[in-house]
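Participant: this one's sequence-less:
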């Protein structure tokens, strides 16, 4: 076993190999704090016939890592949840550019989180473990690589902040790369400037360089395995010459079509004609013709942009495609927008829900249940690109794009306490020709405005591309699908007029220097501001009122001691209010009651019913109550549901009352005034306090005599007799119960 231990970002970092998963081509365990991640990599000995490099990355978090048992009926880990898929994508996007061009052997990378300390995130550790496993294996690869998470707390930069620190950070950006360049960026921010983002990337790369150095130090000690032999397929030289002569001019003419499907059809027809011609000349050439034609298209597009500055649809490098926007397109949705930019179109709908609609997550990061009250779901059906393919659930790409758009909007949402709604946005991509995730950001922002959600500002996003040959390069704004496929970078930046809220970068070359990234950030800002201007023309501020079909939500504060009364035995009382009014009620342990209802009448009725059960009686207030029982010394009146108070016989009239039933009988409705609450909470009522005292020179004999027949003083409130009427104050539901409501209030992550 080989092992190295260092201190990074103030915590212990260990990389070891040779103890676990020794039959894999390469393996490593990385420990940071008490979080441990195992990575194992394998490779097939045979080259596949696929037209792409078959790399599979799996990232799984074992619940035993945090001392938990999985939820649900099956009680074992199932399909990966969103965080696992996003972590796998981060690892894939960071290591893929470093495999040699033309390598077609199948490679699998498995990353397991085997210990979680609930302080340090494991995704960046998973990349380091995968990096060392690949670098020490026989698999040809250009690493090592590493990743760091960059945060900023009170204007101080922090590398690999803990989960607790991230709660106070205004940015969370994962940066990955080699010791000489950056090749992957993913993160969200609270409207930070381009200069701040560049500073974060610079700091992140310094951390990456340190981590790559630690890996190299261990590689020198342990020694890497000899790399496997493989041969890149080389086409015949005469075929290359013939193809260039026959196909280059035809493909150049075909790619310069503004409309996507016209361009694709023209390129395919040109390729098919050349392939048929050359296959007839030499049948042995057939195996190489397809790849070579793709190379000619690749070179033609790139040369045209670099040499002339003209893109295939006729735009300049900085030009954004035409934008059209429609809002309120779905009459029953709470908010909706149809955002179209060129041949990319997203139909985005916003739904407002209650605390019962929060998403509940099972995670090894936290001790208890985590709730999420803002969700953005992105769907990419095959018809959006004119394709026919099976629908087999949500793809990794859809989860990744949805998370990027969700991050972009997360930072401008109002605090949950000010707008206590669960918010779900769904983006259905109806057409796609580049940057549908950024169309989802724009459409999502507009749908929130349309729903009346008070955002801090509108959010737009734009995808940037890069074509680089040697020292010559061109940065492209609002890239097409073709430019994404044949270019070197897909760099997405979303934000408001004030700053960046979300960022993502993937590249196909080995790395990106910070000078190019600085230019790309500045050009992206220009494009974003242009798109925000177009959005402002359609809807410049959130609508003043919510949709009539959206629930209205109010909150009430009740005495925590009254929670049990509101809930009732086994939830009977709170369910009864919901069934009678149609409103939804939730109550937390602090006594905050949330009422949600579609329609003001149902909400007001529910509010009144809650108030009637939980309001505290006030001395000096006048109540209309029902006589629940009578005794020789007075009557017990229910002045509010579940609360009874004593009307002593001496307080019924100014004149002497011989018998309680002479004034009130059981079931009577009477108006009384609450005149006293003693230190034990017992209540005393009066009827005579509501009537003027008769004018008299002398009081009636015995007017103030004891009311009971034996001349004894009046019994204290609720202590005179056992049985019915003996308690001065009765509370329905018995002893208050805490936490018995229908769920707490969800917070935003």
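Facilitator: Yes, it's here. From a predicted model like this one, the values you see are computed outputs, not experimental measurements. Numbering: from 1, shown residues only.

Participant: any weak-confidence spans in the stretch 101-250 of the chain?
Facilitator: Scanning the stretch 101-250 of the chain with the threshold set as pLDDT under 70 gives no residue ranges.

Participant: Run a quick neighbour tally on residue 249.
Facilitator: Burial measure for residue 249: 12 neighbouring residues, criterion other C-beta atoms under 10 Å. Quick note: C-beta positions are derived from backbone N, CA and C, even for glycine.

Participant: cool, residue 242 as well?
Facilitator: Residues lying near residue 242 (other C-beta under 10 Å) number 19.

Participant: And what about residue 617, helix, strand or coil?
Facilitator: Residue 617 falls in the coil class when you classify it by DSSP: H, G, I helix; E, B strand; the rest coil.

Participant: With residue 571 instead?
Facilitator: When the structure is reduced to helix, strand and coil (three-state DSSP), residue 571 reads as helix.

Participant: What are the boundaries of the helices in this structure?
Facilitator: 82-95, 123-135, 163-166, 194-222, 237-255, 260-281, 286-308, 396-410, 436-451, 481-486, 514-538, 563-567, 572-581, 600-614 (DSSP state H).

Participant: distance between the ends of stretch 499-519?
Facilitator: End-to-end distance for stretch 499-519: 16 Å, by C-alpha to C-alpha, to the nearest Å.

Participant: which of the residues in it are buried?
Facilitator: Of the residues in stretch 499-519, those buried under the neighbour-count criterion (16 or more other C-beta atoms under 10 Å) are 499-508, 511-512, 516-518.

Participant: before we move on, back to that, now for the helices of the chain, which one comes closest to residue 6?
Facilitator: For those, proximity to residue 6 was assessed by C-beta to C-beta; helix 194-222 is nearest, at 5.4 Å.

Participant: tell me which residues in that closest one are buried?
Facilitator: Using 16+ other C-beta under 10 Å as the test for burial, helix 194-222 gives 194, 196-198, 200-205, 207-208, 210-212, 214-215, 218-219, 222.

Participant: Tell me what angle it forms with helix 514-538.
Facilitator: Using axes from the mean of the first three to the mean of the last three C-alpha atoms, to 10 degrees, the direction of helix 194-222 lies 140 degrees away from that of helix 514-538.

Participant: between helix 194-222 and helix 123-135, how many degrees?
Facilitator: With the same axes, to 10 degrees applied, the angle from helix 194-222 to helix 123-135 works out at 40 degrees.

Participant: Any idea how far helix 194-222 is from the middle of the chain?
Facilitator: 28 Å (C-alpha atoms, centre = their mean, to the nearest Å).

Participant: Then stretch 144-152?
Facilitator: Once both centres are worked out by C-alpha atoms, centre = their mean, stretch 144-152 turns out to sit 21 Å from its chain's centre.

Participant: next one: stretch 103-118
Facilitator: Counting by C-alpha atoms, centre = their mean, stretch 103-118 is centred 24 Å from the centre of its parent chain.

Participant: Using neighbour counts, pick out the buried residues of the lowest-mean-pLDDT helix or strand in the chain.
Facilitator: Of the helices and strands making up the chain, the lowest-confidence element is helix 600-614, at a mean of 85, by mean pLDDT, DSSP states H and E. Of the residues in helix 600-614, those scored as buried under the neighbour-count criterion (16+ other C-beta under 10 Å) are 602-607, 609-610, 613-614.

Participant: Please convert the residues you listed to JSON lines, extending it with distance to residue 269.
Facilitator: Below are the buried residues of helix 600-614 laid out as JSON lines (distance: C-beta to C-beta, whole Å):
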{"residue": "602", "distance to residue 269": "63"}
{"residue": "603", "distance to residue 269": "63"}
{"residue": "604", "distance to residue 269": "68"}
{"residue": "605", "distance to residue 269": "68"}
{"residue": "606", "distance to residue 269": "66"}
{"residue": "607", "distance to residue 269": "69"}
{"residue": "609", "distance to residue 269": "72"}
{"residue": "610", "distance to residue 269": "70"}
{"residue": "613", "distance to residue 269": "76"}
{"residue": "614", "distance to residue 269": "75"}
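
Participant: which one of those sits closest to residue 127?
Facilitator: Within the buried residues of helix 600-614, distances to residue 127 taken as C-beta to C-beta reach their minimum at residue 603, with 49.8 Å.

Participant: ok, back up a step: measure how the least confident helix or strand of the chain sits relative to helix 572-581, angle-wise.
Facilitator: 160 degrees.

Participant: Which strands and helices lie in contact with helix 600-614?
Facilitator: Helices and strands touching helix 600-614, by 3 or more C-beta pairs under 8 Å, 6 or more residues apart in numbering; DSSP states H and E, are strand 552-557, helix 563-567, helix 572-581, strand 592-597.
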